[in-house]
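Asks: give me a model of this one.
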Amino acid sequence: MPSILAYDLGASSGRALLGRLKNGKIEVEELHRFSNDPVGVGDRLQWDILRLFHEIKQGLLKAKHAGVTPASLAIDSWAVDFGFIGRNGELLGNPYHYRDHHTDGVMERTMERLTASKIFGRTGIQFLPFNTIYQLAALKEADSPFLQGAERFLMIPDLLRYFLTGEMHNEFTNATTTQLYNPLEGRWDAELLADIGLSSSLFGEVVQPGTRVGSLRASICEELGIGSVPVLATAEHDTGSAVAAVPALERDFAYLSCGTWSLMGTEVDRPIINELAQELNFTNEGGVYGTYRLLKNIMGLWILQECRRAWERAGQYYSFPELVSMAEKADAFKSLIDPDDAVFIHPGDMPSRVRQFCAASGQPVPETPGEIVRCILESLALKYRYVLELTERLSGKSFSGLHMVGGGIQNVLLCQWSANAIGKPVWAGPVEGSALGNLVVQWIAQGELSDIWEARQVIRDSFPVTVYEPQDGTRWEEAYGKFRELTGLA
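Replies: Predicted coordinates for the structure are as follows:
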């Protein structure tokens, strides 16, 4: 069976993986792994998009050196960020990072003009200050030269595909995250674009996952000494790919894609856009094969990752397993935070921010790395319960447990505490959720798999799923009450 190539780009690292279907099971080989480091220049935080493109070409070279010509390739990445192509077909500047401060206050100003009800009613997307609509509004307010010279808007995978193929397409799952796509009308929302002063001509046709969107440019084939490779659009928002890879056998399931961000929700046949969804600040992002992802963003392991970076800057070097071990030894439920408090959004001295939150809410202040990490992980697990209950309320479904996928499930303590918090089993696996979703969409497009349900069965047969049963129910129930009271979620 020919191999196919999946590029999975996260907010801190990327990887190129070869996938093969053999005897009804998936074999995955990691060809190339690389860091994805945002770069601060002056007052701006940007993505090094050309470095990412270089690493994508290195993945193709490593496939060549392994004697493999992929039957196809596809790219998934984080959402909301983008670049512009100018009149000469070249990129206009590095894409800004969604954690850059240029959007500060823009969401609030935009909502004053348009109202939250109008924006949500036309898009069904959760209000987050870094959504694409507010990034674009910030550029318009600043009279950015990027907008003055822009001919086309491309999100991160769209942009990298353009570099590879010379063709420009906007992909569905990522387009829906912008808060500029109208799922009820199935198109970019011209009224919202007009309000922030952008022409609809910047935004191209939206293609579905599984669409062939070009082949490698002849110049790339010549540079690398390889043959032409078809390029497909997959579910290019990495969460869309991760949900495609959830090894669920039941139609109604709850998932948690766990990494830098935690994204929890369920799969639905049509967007749920009503007053309750707006009040609970849920989102309706495009999924695969006519589905939508009813979910809520949770800050996730970003807080822990940023704490680790702060300790490294101070000369204290800890591996993630070391931090988890220290957390396990710290006192339980000493202090709790709301992971989604705005204080935790931007990079910086995260240990101090955790301490400040605890002090301001009248709790004991965690001092040691172990105490801080325990505070973060317990708080995340309790927030998962809160959002799971909201998901059941909004969807009208009842879930027997929670499927966890993504790199965060390597933190076994978080998986166990999540089961304890929700009082239901957690099924953890696979780790490479986004990459596997990327691969199976390619195989479905090629006719190697019949549909997403066969793909999920094959994933379940190919990769182990670890079951975590809930423990210490009484203590976690008491902690949940304390968490809701402290965070104002009661």
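Asks: mind checking pLDDT for residue 417?
Replies: The score at residue 417 is 98. That number is its pLDDT.
Asks: and residue 482, by the same measure?
Replies: pLDDT for residue 482: 97.
Asks: for the helix or strand containing residue 437, name the packing helices and strands.
Replies: For residue 437, the host element (DSSP states H and E) is helix 433-445. Under the contact criterion of 3 or more CB pairs under 8 Å, 6 or more residues apart in numbering; DSSP states H and E, helix 433-445 touches strand 4-9, strand 13-22, strand 25-35, strand 73-76, strand 230-232, helix 238-244, helix 452-462. Where you see a C-beta, it was placed from the backbone N, CA and C, and this is true even at glycine.
Asks: closest to residue 267 out of the ones you listed?
Replies: For the helices and strands packed on helix 433-445, proximity to residue 267 was assessed by CB to CB; helix 238-244 is nearest, at 6.4 Å.
Asks: alpha carbons of that closest one, as CSV, please.
Replies: C-alpha atoms of helix 238-244 as CSV (Å, rounded to 0.1, in the frame of the first residue of the first chain):
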residue,chain,number,x,y,z
ASP,A,238,-6.0,20.5,13.9
THR,A,239,-9.0,20.1,16.2
GLY,A,240,-11.1,19.1,13.2
SER,A,241,-8.5,16.5,12.4
ALA,A,242,-8.3,15.4,16.0
VAL,A,243,-12.1,14.9,16.2
ALA,A,244,-12.0,12.9,13.0
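Asks: circling back to that earlier point, tell me the most buried of the helices and strands packed on helix 433-445?
Replies: helix 238-244 (a mean of 31; mean count of other CB atoms under 10 Å).
Asks: if we can go back for a sec, quick one: closest of the helices and strands packed on helix 433-445 to residue 202.
Replies: With CB to CB as the criterion, residue 202 lies closest to strand 73-76 of the helices and strands packed on helix 433-445, at 21.1 Å.
Asks: immediately after the closest one, which helix or strand?
Replies: With secondary structure assigned by DSSP H and E, strand 73-76 is succeeded by strand 82-86.
Asks: contacts for that next one next, please.
Replies: Strand 82-86 is contacted from outside by 49, 91-95, 132, 135, 146-147, 149-156, 158-159, 162, 168, 202, using CB atoms under 8 Å, 6 or more residues apart in numbering.
Asks: and it, how far out from the chain middle?
Replies: Computed by CA atoms, centre = their mean, to the nearest Å, the chain-centroid distance of strand 82-86 equals 21 Å.
Asks: mind listing what's buried in that strand?
Replies: For strand 82-86, burial by neighbour count (16 or more other CB atoms under 10 Å) applies to 82-85.
Asks: in CSV: these, plus pLDDT.
Replies: Putting the buried residues of strand 82-86 into CSV (pLDDT from 0 to 100) gives the following:
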residue, pLDDT
82, 98
83, 98
84, 98
85, 98
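Asks: would you mind giving those as a markdown table with distance to residue 250 added?
Replies: Listed next are these as a markdown table, based on distance: CB to CB, whole Å:
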| residue | distance to residue 250 |
| --- | --- |
| 82 | 36 |
| 83 | 40 |
| 84 | 43 |
| 85 | 43 |
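Asks: could you check the pLDDT of the nearest residue to residue 450 once chain neighbours are set aside?
Replies: In this structure, residue 450 finds its nearest non-sequential neighbour in residue 444, 7.5 Å apart by CB to CB, 6 or more residues apart in numbering. Each residue has a pLDDT score; the one for residue 444 is 98.
Asks: what residues are up against residue 444?
Replies: Counting by CB under 8 Å, 6+ apart, residue 444 touches 210, 450-452, 455.
Asks: just flag the most distant two among the residues you listed.
Replies: Longest distance between any two of those is 12.8 Å, between 210 and 450; criterion CB to CB.
Asks: neighbour-wise, which of these two wins?
Replies: residue 210 (18 against 10; other CB atoms under 10 Å).
Asks: now do residue 154 against residue 457, distance only.
Replies: Counting by CB to CB, to the nearest Å, the gap from residue 154 to residue 457 is 35 Å.
Asks: tell me where the stretch 201-350 of the chain has strands.
Replies: Assigned by DSSP state E, counting those that start in this stretch, the stretch 201-350 of the chain shows strands spanning 206-207, 212-215, 230-232, 254-258, 262-268, 283-286, 292-298.
Asks: number of residues surrounding residue 400?
Replies: 11.
Asks: nearest to residue 191 among the buried residues of strand 82-86?
Replies: residue 82 (20.0 Å).
Asks: who's the closest one bridged to?
Replies: residue 155 (DSSP bridges).
Asks: how close does it get to residue 225?
Replies: Distance of residue 82 to residue 225, given as CB to CB: 32 Å.
Asks: on that earlier part again, using TSV, please lay out the helices and strands packed on helix 433-445 together with mean pLDDT and distance to residue 299.
Replies: Below are the helices and strands packed on helix 433-445 laid out as TSV (pLDDT from 0 to 100; distance: least, CB to CB, whole Å):
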stretch	mean pLDDT	distance to residue 299
strand 4-9	98	20
strand 13-22	97	19
strand 25-35	97	21
strand 73-76	98	21
strand 230-232	98	32
helix 238-244	98	14
helix 452-462	98	27
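Asks: out of these, nearest to residue 302?
Replies: Closest of these to residue 302 is strand 13-22, at 13.6 Å (criterion: CB to CB).
Asks: the closest one: partners in the sheet, and parallel or antiparallel?
Replies: Within its sheet, strand 13-22 is paired with strand 4-9 (antiparallel), strand 25-35 (antiparallel), according to DSSP bridges.
Asks: looking at those, which is closest to residue 78?
Replies: strand 4-9 (7.1 Å).
Asks: so how far is the closest one off the chain centroid?
Replies: With CA atoms, centre = their mean, you get 15 Å for strand 4-9.
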